[in-house]
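Enquirer: Please find the sequence and the predicted model below.
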2 protein chains.
Amino acid sequence: MERSYAAELTPGEDVVVKGWVHEVRDLGGIAFVILRDTSGKVQIKLDDSVDEELVERGTSLSRESVVAVEGTVEEEERAPTGIEILPTGLDVLNEAEPELPLDPSGKVDAELPTRLDNRTLDLRKDEVKAIFEIRGEVQDALRKKFRELNATEINTPKIVATATEGGTDLFPISYFEREAFMNQSPQLFKQMMVGSGLERVFEIGPIFRAEEHNTPRHLNEATSIDFESAFVDDDEAMEFCQDVTVSAYERVYEDCQEQLDAIGVDLEVPETPFEYLTYDEAIELANSEGIEHQLEWGDDLTTKAETALGDAIGEHYFVTDWPADAKPFYVMKDDETARAYDMMHPRMELMSGGQREHRVDRLRKEIEAQGLEPEEFEYYLRGFRYGMPPHAGWGLGLERLLATMLDIENVREVVLFPRDRQRLAP
Amino acid sequence: MERSYAAELTPGEDVVVKGWVHEVRDLGGIAFVILRDTSGKVQIKLDDSVDEELVERGTSLSRESVVAVEGTVEEEERAPTGIEILPTGLDVLNEAEPELPLDPSGKVDAELPTRLDNRTLDLRKDEVKAIFEIRGEVQDALRKKFRELNATEINTPKIVATATEGGTDLFPISYFEREAFMNQSPQLFKQMMVGSGLERVFEIGPIFRAEEHNTPRHLNEATSIDFESAFVDDDEAMEFCQDVTVSAYERVYEDCQEQLDAIGVDLEVPETPFEYLTYDEAIELANSEGIEHQLEWGDDLTTKAETALGDAIGEHYFVTDWPADAKPFYVMKDDETARAYDMMHPRMELMSGGQREHRVDRLRKEIEAQGLEPEEFEYYLRGFRYGMPPHAGWGLGLERLLATMLDIENVREVVLFPRDRQRLAP
């Protein structure tokens, strides 16, 4: 018989349901097994109308064992879902050890490290599963929006010969006889592609940063949402970022209310257009909000400044026209100012982007100015020598987008198997 | 004025088009600039009705320079697209160096290494761009089908503490003070997730294999299409693989005829159901087809055997019931036979899958039997101790799927920036 799901049962049907033993309630004379599958839960009634041996097997089940139950669906007002199954068969497909390292019913809280060590069990909790169902939906919504914007999905290499930005935050790899690195960002590759016939590209993929920071905002392996387009300027690129962000919120608002309820979030779709501030305005406003450590021109925005700005402006705003020295070589500069823009949230920076330098001579000079060797970037510069169009783009952090959207403090909670200095397994 | 695209112009309009100088034809007295953008090409007419200085600038343009042209669209029977632009303005946005390392008009062939060194220019050719437009469409079609099958998209870590299969084909990473590896396969992680409340999952992401093979079928960084589901058996999992594969063909057949024409492929959507052969039947049939090196029970299928089988059976067939010794520890075994299945194509193996071992004691024994330490896999086995359902799944190679679909010999051609023993850049 084909398997039925707990949430899709109709009274009168003969069914087979499969799932986990969420709970066994033995009231003496009558007992209930609560079976849980991916769709929800259903009560299995074990009373004196049921075969004695089956009742015996049902009441002695260890929690989280995997079972298949055959029986008839009946209406039952007192059951949590208004129905129950009167079983005619019960197979134990895999028995769980009796002592669970964490409680999937959620009645006993577990610390994050215990949860991460036991992700299989942890994701049996509705509120944790919900995060990853939303994560899947968000990726689908983002790709749908990118495709509407006529961007082509690309896959760029994760093993590279040189650092994207010449930084030191790199994981070295032994690549046969040579040294290579895990890529920090698809930046240089997506730029090479806007000079191709594709013109406009996106990628959602892993990035790797050997940052020693161990904060609730940092991951050593993260997922980056990258966009880059020929023939657009910084203003258009920012508008695309706003639209892509809003499309993710809209999808979750429209299709994931059940998941939002499980997490306990009252989601609001951000209003558009997002606010824009120049860097100069941002430090002035942050200082005027009375932050403890007053900022000077050239400083990066501190977490406290980001929070103060968020309180003053609201969620999601752009900060533009950053000091040139703060930005990498591929961002176009105008004397002391870079045509860079970040999308901020009171809790953290979400996106970093810029109008790019498409003129090869200037680009070479910028590489040199940052103490890097243009020769090492010849594979990249080559694309700029034969007709590179003006272009702009950005990289948005998927985990930061999700953590701010779902009001989750630690970005590790929105990653199935996070990587940080201490954590390499599972 | 907003930018218009070459393929979407209407006679009578005043437009701005932006793109690359595909060709300059100076016939004396009259000249044409062929402008190419992502949508197609359009002819710009430079005759005596056009400002002299503009004609001068237009005729002296180097090929592949980036320009913006303002003008009026006019009907012109003799133009390749039936229209042309009579320009009133022409801005050079970025001048290309006069000597091109390869010819984007495709008139002069280039060897693959030259093409890969110059991917920006290479992807200006219609037939190369078409491959990557199809690659994007195929990924979208696959994800759509997975979502129809109620699978949740997951992202598993690419930095891992241990080898998936205990093999030696691993790239080691310096991960802070420790050694780690780039992941060969999401296998162990996707299995942990079918034991969670998600039950059915998929991932399309990079995998890394330090194989020394340097063949047209091997890549050291590839894209794997992974699927895994609780409560399904090998037969259902194979059917899903067939359906997912066909959905990719259907999408390309329906939406990418222009790209197929550019590549020169006459695509046929494979007929279903695909054929099934046991391993025993496969070696018998291959031997009876008179392959030079006759196979014995236990041998892997050679490339010649795959070709012989393909000739006999046709494209896309499954080989099931492999010798147990040939398959990794996580595949369920039945004495000498593994419940493993591969999806084959006359040119290469496309997919490898299996019914998995969900019983933790047996799994531990299988790990030991392969000379591995169960302790190193505790993070994985832990998920099996507390209720792991029966499950099956598979991994399908995106590049192999594309190379066989588009009749492209070398899988490197379907990767933007391939990685092999020799190639690390761009």
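Expert: Looks like it came in fine. Numbers count the residues shown, from 1 in each chain, chains lettered A, B, ... in the order given.
Enquirer: And A:Leu267, how close does it get to B:Pro186?
Expert: 30 Å (Cβ to Cβ, to the nearest Å). (C-beta placed from N, C-alpha, C; glycine too.)
Enquirer: again with A:Trp394
Expert: A:Trp394 is 28 Å from B:Pro186, by Cβ to Cβ.
Enquirer: Same question for A:Asp300.
Expert: For A:Asp300, the distance to B:Pro186 - Cβ to Cβ - is 36 Å.
Enquirer: So if I had to pick from these two, which one is more boxed in?
Expert: B:Pro186 (29 against 11; other Cβ atoms under 10 Å in any protein chain shown).
Enquirer: thinking the more buried one is in contact with B:Pro206, fair?
Expert: No. The criterion here is Cβ atoms under 8 Å, and B:Pro186 misses it with B:Pro206 at 9.9 Å.
Enquirer: where do the contact lists of those two overlap?
Expert: B:Ser224 (Cβ atoms under 8 Å, 6 or more residues apart in numbering or on different chains).
Enquirer: Can you pull the poorly scored residue ranges out of the stretch 301-426 of chain A?
Expert: Of all residues in the stretch 301-426 of chain A, none has pLDDT under 70.
Enquirer: pLDDT below threshold where in chain A?
Expert: A:164, A:166-167.
Enquirer: Show me how the record splits it into domains.
Expert: A:3-94, A:120-274+A:315-414 (automatic domain parsing).
Enquirer: Strand partners (parallel or antiparallel) of the strand or helix carrying A:Ile34?
Expert: According to DSSP states H and E, A:Ile34 maps onto strand A:31-37. Note on strand A:31-37: by DSSP bridges, its sheet partners are strand A:14-26 (antiparallel), strand A:40-46 (antiparallel).
Enquirer: Need the winner for burial among the ones you listed.
Expert: strand A:40-46 (a mean of 22; mean count of other Cβ atoms under 10 Å in any protein chain shown).
Enquirer: quick one: the next helix or strand after that strand to chain centroid distance?
Expert: Downstream of strand A:40-46, the first helix or strand assigned by DSSP H and E is helix A:52-59. How far helix A:52-59 lies from its chain's middle: 44 Å, per Cα atoms, centre = their mean, to the nearest Å.
Enquirer: Could you list every helix and strand that helix A:52-59 packs against?
Expert: In terms of contacts (3 or more Cβ pairs under 8 Å, 6 or more residues apart in numbering or on different chains; DSSP states H and E), helix A:52-59 is packed against strand A:14-26, strand A:31-37, strand A:40-46, strand A:83-94.
Enquirer: Could you give me the buried positions within it?
Expert: A:54-55, A:57-58 (16 or more other Cβ atoms under 10 Å in any protein chain shown).
Enquirer: same question, stretch A:176-187
Expert: Buried-residue list, stretch A:176-187, by 16+ other Cβ under 10 Å: A:180-187.
Enquirer: can you narrow the residues you listed to ones near chain B?
Expert: A:180, A:182 (Cβ under 8 Å from any Cβ of the partner chain).
Enquirer: and which of the buried residues of stretch A:176-187 is nearest to chain B?
Expert: A:Ala180 (5.6 Å; Cβ to the nearest Cβ).
Enquirer: can you pull the contacts of the nearest residue to the closest one once chain neighbours are set aside?
Expert: In space, not counting the residues next to it along the chain, A:Ala180 is nearest to A:Ile173; the distance is 4.7 Å by Cβ to Cβ, 6 or more residues apart in numbering or on different chains. By Cβ under 8 Å, 6+ apart, the residues touching A:Ile173 are A:159, A:179-182, B:171-173, B:182.
Enquirer: please redo it, this time with the cut-off set to 6 Å
Expert: A:180, B:171, B:173 (Cβ atoms under 6 Å, 6 or more residues apart in numbering or on different chains).
Enquirer: What's opposite it in the beta bridge?
Expert: Here A:Ile173 sits in beta bridges with A:Ala180, B:Ile173, as judged by DSSP bridges.
Enquirer: re the thing from before, out of the buried residues of stretch A:176-187, list just those in strands.
Expert: A:180-182 (DSSP state E).
Enquirer: ok, the closest residue to A:Ile408 other than its chain neighbours - how many residues close by?
Expert: Nearest residue to A:Ile408 in three dimensions, chain neighbours excluded: A:Val414, at 6.1 Å (Cβ to Cβ, 6+ apart). As a burial measure, A:Val414 scores 23 neighbours (other Cβ under 10 Å).
Enquirer: likewise A:Val415?
Expert: By other Cβ under 10 Å, the residues close to A:Val415 number 26.
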